[in-house]
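*Asks:* Prediction below, plus the sequence it came from.
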Amino acid sequence: MAFGVQVFPHVQTATIDVSCGFSASFGFIINDVGFGTGDGLAFLMQATGPTVVAGYGESLGYISAYAKGKVVTVGYTEKTRCGIADPIGDETKYVWVDYAAKVLSIYYSTDSTKPGSPCTTWSLDLPKYFGTPNLYLGFSAATGYFANNHYVAGVEFTY
């Protein structure tokens with residue numbers, strides 16, 4: 001799936017129960033089309049509904065004030081490093097998001113092999129935080145006043 005140059009969220013239309021954990025993996029490309037670097041791309045988790053969007057070109061295409069609820073994201077912007085030089089470019093980057101035992105673990109690589117250890121972890125009880133174990137998972141992207149192409153491929157959810 002490809003995202004346009006403004007706000008374009010893609011969220012599952014049904015919730016999944018995350019109380020027993022989940023794994024998500026995907027590849028992405030964010031390329032600069034010559035007009036400056038936009039805001040970036042986000043994998044998001046939220047309980048509000050499948051059509052949560054922000055205003056044009058801000059907050060990676062989502063914002064909790066617009067969502068009227070809470071949002072947890074794993075965002076990728078030109079400032080994201082996680083041991084990788086720059087997520088912007090024509091090469092596919094790979095991400096794995098694992099949630100188990102109230103810990104969210106993020107893995108990031110320039111090749112399709114999952115690293116042996118996460119680049120970051122976050123202790124978080126998702127069902128408690130959202131008030132429900134049933135969450136919508138998906139993607140969002142935005143460019144602000146600039147232009148990028150956002151591509152997501154090979155998406156897998158296991159729960």
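*Replies:* Arrived safely, thanks for sending.
*Asks:* only C-alpha atoms for contact and neighbour calcs from this point on.
*Replies:* Noted.
*Asks:* any idea which helix or strand carries Lys128?
*Replies:* For Lys128, the host element (DSSP states H and E) is helix 126-130.
*Asks:* Poorly predicted segments of this structure, please.
*Replies:* 1-12, 34-39, 51-69, 76-87, 145 (pLDDT under 70).
*Asks:* can you pull out the strands in it?
*Replies:* 2-3, 10-11, 16-17, 22-32, 40-46, 71-76, 93-100, 103-109, 120-123, 134-142, 148-158 (DSSP state E).
*Asks:* Remind me what the fourth one packs against, helices and strands.
*Replies:* In this case it means strand 22-32. If you count contacts as 3 or more C-alpha pairs under 8 Å, 6 or more residues apart in numbering; DSSP states H and E, strand 22-32 packs onto strand 93-100, strand 148-158.
*Asks:* contacts for that strand?
*Replies:* Contacts to strand 22-32, defined as C-alpha atoms under 8 Å, 6 or more residues apart in numbering, come from residues 38, 40-41, 87-100, 147-159.
*Asks:* sorry, back to before: from the helices and strands packed on strand 22-32, which stretch is densest packed?
*Replies:* Most buried of these by mean neighbour count (mean count of other C-alpha atoms under 10 Å) is strand 93-100; its value is a mean of 21.
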